[in-house]
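>>> Prediction below, plus the sequence it came from.
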Amino acid sequence: MGNICSISLPADRIVSSFWDGTTEHANYLRKLPENLVELRTACERLRELRDDEQMHPLDQVQGWLSRVETLETQVSQLIGDGTEEVEKKCLGGCCPRHCRTRYKLGKRIARKLKEVDILMSQRPSDVVAERLPSPRVGERPSEATVGMNSRIGKVWSSLHQEQVGIIGLYGLGGVGKTTLLTQINNAFTKRTHDFDFVIWATVSKNIGFCDDKWQSKSRDEKATSIWRVLSEKRFVLLLDDLWERLDLSDVGVPFQNKKNKIVFTTRSEEVCAQMEADKKIKVECLTWTESWELFRMKLGEDTLDFHPEIPELAQAVAQECCGLPLVLTTMGRAMACKKTPQEWKYAIKVLQSSASKFPGMGDRVFPLLKYSYDCLPTEVARSCFLYCSLFSEDCLIPKFNLIYRWICEGFLDEFDDMEGAQNQGYNIIGTLIHACLLEETNNDFEVKLHDVIRDMALWIACETGKEQDKFLVKAGSTLTEAPEVARWIGPKRISLMDNQIEKLTGSPNCPNLLTLLLRDNNLKMISDSFFQFMPNLRVLDLSMNAMTELPQGISNLVSLQYLNLSETNIRELSIELKNLDKLKCLIMFDMTQLSSIPEQLISSLSMLQVIDMFDSGISERTVLKDGLLSDDNEALVEELESLKYLHDLGVTITSASALKRLLSSDKLRSCIFRLCLENFNGSSSFNITSLSNAKNLCDLSISNCGSLENLVIDWAWEGKKTTESNYLNSKVSSHNSFHSLAWLRVERCSRLKDLTWLVFAPNLKILIVDDCDQMQEVIGTRKSDESAENGENLGPFAKLQMLHLVDLPQLKSIFWKALPFIYLNTIYVDSCPLLKKLPLDANSAKEHRIVISGQTEWWNELLESIKERK
């Protein structure tokens, strides 16, 4: 009750009773245009009243509404006639062509206007009308689902939390967000609740409040009507397919408090932030068990049982779907009539080689997924996304390495400096993750591409739009030979990663080629002429191959900006590299066989911004004679110092004197981002304090230091005046610590007792300790207590994500008390028999789960110790 609009009639619409007959008849002619406008306005007001969907009549007002409908029909015809007559004028519009016709029409309009007035005055009062007790929620059509119960439960529990008003459901296209929202809607029809309305709106279709009955209303009028109806009620608003922020007040949704609830779906986590969602829930892909159940449901048991080979082949097809319900459904239906093993084997081959050719993929699934790509904010973001498809399926892509490639491709040109370009790259990675086009892994250093999203990206890059035929991607295709030379002519980017190609010969003509990825083959030989006709090649990845030398023809790559030789068996860098005067990134980590770098080679590469020699030249059989690893040769240090644009340096050090020389250079110290301390022998202690001055040090490895017993650190605390400013004699405090250090490996340091200095590494994310025979504690109890007494409030492992402890026979403790571990997701323990307790309690990792892996015997003993403590 009380929802009928009150309509006031303007005074100039009231026909005065004292008008004489002459004036009244004259007005039929004179006021025809005015009366026509007023009649149209009055009719619209009547229509608004009738069309108010929140008004439902009792029997006693049904007759009144029927008369309104009859009158509306008559008025519509009359308005049409009147409009036509007004337009029929002559003599500058002063004299109608047919006065008699106009008179009659004017009289009819004036009388009909009176009828509208009378009908308005006869409208029922608020007392005799009430809201129809219609269903508070309409059930929406839905199919049988798999794996939805837990997801529904999570949303349902959030709906009943007082502090939660807005819930965002996000995930990649086809993952089942709309299905989940439909199930939530239908759950309201089966469960008790306190809401007056449950409203569904598909936002991408101009928001579902506006149907045909509302066409005559302005946007503000619609918002006002919605506001009037909802402001006094409790409601749940379900918004499907949100692509940008929706201003709730703009569409008339009252949301002053959290008694009302809003649940929306989106492909973008960024939209969740823009909508100020109190709860963000990522809709994940199905587990394998759920995937197989859904695929079987769509396939049908008859097909599955038709031939004994089909079940195994069907599982192979289902696995190609990678848990994406849209794809599982599409493929299950497409294969429902395939009842021979040959048809199934053909389907598997098609899916693995060109998924777009599979029925329903290229014409339905990929176009739907592509909308996420189309909605990326810039062309640069789109190019960066397509570039990710060059990597193999399930490949974990290091962020920093991906960004280096983007920089050298010329994608990241918003800033002139390396730091600005890197920040732009990380911003684009974030954009792609928020758009659910890239996926996060269990650490912050890598991303991956969902297999179906990768197939979609290859479909865009190879088969559609302006990039058509510009990508040649055969990554992970078990090739033993490179594609025929004719196929190399057109593409801009070629990826032959993860194959078994042993040699590359010939001289392919590649005038357009910008990127060539040959990583992880079995390459042993590249002919000298192979690179002869690749004048525009910018990015070359030869890493993880068996080659022992570079071809002389590499000197032809005059446009090369990125060269990756990591994890190869190359013994000596080729002097021909001097010709690569545009080279920006030289990546050479884990080159354990590297024994020589020609003098003046590094300094001749004047445009170098990144050089990474982390964990290189450390084979027991080799010594880097001309490099940094020799105590008596500073040639390489001097060459590195000469590089004007050097920004990121990864390097391996084998002695304290070499480290001292490196850190004495302000320029190089500021560039170090990866450092490997290897074979530090002859001393039982090492003062690690000096490394705190390498402010950009992100990745540190300490290995094969058999005599090292203590890593000493000089602490400074409030109240103790520190005068030392020398880079090797500085003090460390919680305010001046290893803030950038995110990754630490300590391996084969047989006498090292603890790593207590890590209390000064507040942003450490990955810790790997392996084969340290005397390691007893990770954080020493006595030493950490001492730091607390000295005024430091140090909470170790605040950002830790992964902890790997392997072959530590004396290890008894990680930390002396339980820690919150807000970000920890993985603990791996192997061969640590004395470790009976983990620093965990009921308050650890509250927002997520920790996967703990270890040997069965150790796990059982750990459980027993927990029971004993209880």
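That came through, no problem.
>>> And the strands in the stretch 751-870 of the chain?
For the stretch 751-870 of the chain, the strands defined by DSSP state E, counting those that start in this stretch occupy 766-770, 802-806, 826-830, 851-854.
>>> how distant is the second one from the center of its chain?
Its chain's average C-alpha position is 27 Å from that of strand 802-806, according to Cα atoms, centre = their mean, to the nearest Å.
>>> where does the stretch 551-700 of the chain have low pLDDT?
For the stretch 551-700 of the chain, the stretches with pLDDT under 70 are 618-634.
>>> which stretches of it form helices?
Ranges of helices in the stretch 551-700 of the chain, per DSSP state H, counting those that start in this stretch, are 601-604, 635-641, 656-663, 666-671.
>>> Of all those, which one comes closest to residue 502?
With Cβ to Cβ, the closest approach to residue 502 among the helices of the stretch 551-700 of the chain belongs to helix 601-604: 28.0 Å. Glycine gets a C-beta too; all of them are placed from N, C-alpha and C.
>>> Tell me the pLDDT of the nearest residue in space to residue 235 that is not next to it in sequence.
Among residues not flanking residue 235 along the chain, residue 197 sits closest, at 4.2 Å (Cβ to Cβ, 6 or more residues apart in numbering). Reported pLDDT at residue 197 in the predicted model: 84.
>>> ok, residue 197 touching residue 236?
Yes. Using Cβ atoms under 8 Å, residue 197 is in contact with residue 236, at 7.3 Å.
>>> For these two, indicate the residue with more neighbours.
When residue 197 and residue 236 are compared for neighbours, residue 236 comes out ahead with 22 against 18, by other Cβ atoms under 10 Å.
>>> so what's that one up against?
Residues near residue 236 by Cβ atoms under 8 Å, 6 or more residues apart in numbering: 159, 188, 195, 197, 198, 199, 260, 261, 262, 263.
>>> picking that back up, relative to residue 714, which of the strands of the stretch 751-870 of the chain is closest?
With Cβ to Cβ, the closest approach to residue 714 among the strands of the stretch 751-870 of the chain belongs to strand 766-770: 22.3 Å.
>>> At which residues are the strands of the stretch 351-500 of the chain located?
With strands called from DSSP E, counting those that start in this stretch, the stretch 351-500 of the chain shows them at 397-398, 439-440, 446-448, 471-473, 493-495.
>>> Mind listing residues that contact the third one?
Strand 446-448 is contacted by residues 388, 394-399, 402, 429, 432-433, 438-441 when judged by Cβ under 8 Å, 6+ apart.
>>> And these, which of them are buried?
Neighbour-count burial (16 or more other Cβ atoms under 10 Å) applied to the contacts of strand 446-448 gives 388, 395, 397, 399, 402, 429, 432, 438.
>>> between those, which is closest to residue 476?
For the buried ones among the contacts of strand 446-448, the nearest to residue 476 is residue 395 (8.4 Å; Cβ to Cβ).
>>> Which members of the contacts of strand 446-448 occur in helices, if any?
Residues of the contacts of strand 446-448 located in helices (DSSP state H): 388, 399, 402, 429, 432, 433.
>>> tell me the two of the residues you listed that are most distant?
Greatest spatial distance in the ones in helices among the contacts of strand 446-448: 402 and 433, 12.4 Å, computed using Cβ to Cβ.
>>> Now do the contacts for the nearest residue to residue 417 once chain neighbours are set aside.
Nearest in space to residue 417, with sequence neighbours left out and distances taken as Cβ to Cβ, 6+ apart, is residue 647 at 7.9 Å. Listed by Cβ under 8 Å, 6+ apart, the contact set of residue 647 reads 417, 418, 419, 609, 610, 671.
>>> wait, doesn't residue 532 sit right on residue 555?
No. Between residue 532 and residue 555 there is no contact under Cβ under 8 Å: 10.1 Å.
>>> And the helices in the stretch 201-350 of the chain?
Applying DSSP H, counting those that start in this stretch to the stretch 201-350 of the chain gives helices spanning 219-230, 269-274, 288-299, 301-304, 310-320, 325-334, 341-353.
>>> Need the winner for burial among these.
Of all the helices of the stretch 201-350 of the chain, helix 325-334 has the most neighbours on average by mean count of other Cβ atoms under 10 Å, namely a mean of 22.
>>> So which elements touch that one?
If contacts are counted by 3 or more Cβ pairs under 8 Å, 6 or more residues apart in numbering; DSSP states H and E, helix 325-334 sits against helix 288-299, helix 310-320.
>>> Burial check on the closest residue to residue 155 other than its chain neighbours, number of neighbours?
With Cβ to Cβ, 6+ apart as the criterion, residue 155 has its nearest non-adjacent residue at 5.6 Å, and that residue is residue 184. A count of nearby residues for residue 184, using other Cβ under 10 Å, gives 23.
>>> which SS state does residue 184 fall under?
Three-state assignment for residue 184 (DSSP: H, G, I helix; E, B strand; the rest coil): helix.
>>> Show me where the stretch 101-250 of the chain dips below the pLDDT cut-off.
For the stretch 101-250 of the chain, applying pLDDT under 70 flags the ranges 101-103, 105, 119-137, 204-217.
>>> swap the cut-off to 90 and go again
In the predicted model, the stretch 101-250 of the chain carries pLDDT under 90 at residues 101-154, 156-162, 172-176, 186-237, 241-250.
>>> residue ranges for the strands of it, please.
Using DSSP E, counting those that start in this stretch, strands in the stretch 101-250 of the chain cover 166-170, 197-202, 235-240.
>>> Could I get the contacting residues of residue 513?
Going by Cβ under 8 Å, 6+ apart, residue 513 touches 488, 491, 492, 493, 494, 534, 536, 537.
>>> Pretty sure residue 702 sits against residue 677.
Yes. Using Cβ under 8 Å, residue 702 makes contact with residue 677 at a distance of 4.8 Å.
>>> coming back round to it: closest one of the contacts of residue 647 to residue 170?
Distances from residue 170 to those, taken by Cβ to Cβ, are shortest for residue 419, at 30.6 Å.
>>> Against residue 670, how distant is the residue lying closest to that closest one once chain neighbours are set aside?
Leaving aside its chain neighbours, residue 419 sits nearest to residue 647 (6.9 Å; criterion: Cβ to Cβ, 6+ apart). From residue 647 across to residue 670, the span is 9 Å (Cβ to Cβ, to the nearest Å).
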